[in-house]
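>>> what follows is a predicted protein model with its sequence.
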Amino acid sequence: MQRVEKLERNGNDISKKESVEFEKEALPMISDTDKIVMKYGKPHKAVMIGIREFYEEIEWEQIPEPRYSLLKKEMLF
């Protein structure tokens, strides 16, 4: 989180506004061995807990380019 001061000009008036910007954290990349499935139009990583398989939503930015293009093709069919 970072505080930012901005000057705004409205005609002859200049005002100072403070805002808070959040830095985007680097997301861990998905490995080649991880199972990725599409659920509700979004990518999910399969996670095994005990003997059950659960699905954790992931961001598109976490998927390596070759696997990303394969998932996009799956969505078209």
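Structure's in. What do you need?
>>> and Pro66, how many residues sit next to it?
The number of residues packed around Pro66, counting by other CB atoms under 10 Å, is 8. Bear in mind the C-beta positions are built from the backbone N, C-alpha and C, glycine included.
>>> wasn't it part of a helix?
Yes. The assignment for Pro66 by DSSP: H, G, I helix; E, B strand; the rest coil puts it in a helix.
>>> so what pLDDT did it get?
What the model reports for Pro66 is a pLDDT of 85.
>>> and if you look at Phe54?
Taken from the predicted model, the pLDDT recorded for Phe54 is 94.
>>> with Val47 as the reference, measure out to it.
According to CB to CB, to the nearest Å, Phe54 and Val47 sit 5 Å apart.
>>> now do the contacts for the most centrally placed residue in the chain.
For the chain, the residue sitting closest to the mean C-alpha position, by CA atoms, centre = their mean, is Glu59 at 3.7 Å. Residues touching Glu59, when contacts are defined by CB atoms under 8 Å, 6 or more residues apart in numbering, comprise Leu27, Pro43.
>>> what about the strands in the chain?
Assigned by DSSP state E, the strands in the chain fall at 2-10, 13-21, 36-39, 42-49, 52-57.
>>> closest to Pro28 out of these?
When the strands of the chain are ranked by distance to Pro28, counting by CB to CB, first place goes to strand 42-49 at 10.3 Å.
>>> quick one: mean pLDDT for the closest one?
In this model, strand 42-49 carries a mean pLDDT of 92.
>>> which other residues reach it?
For strand 42-49, the external contacting residues (CB under 8 Å, 6+ apart) are 30, 34-38, 53-60, 63, 71.
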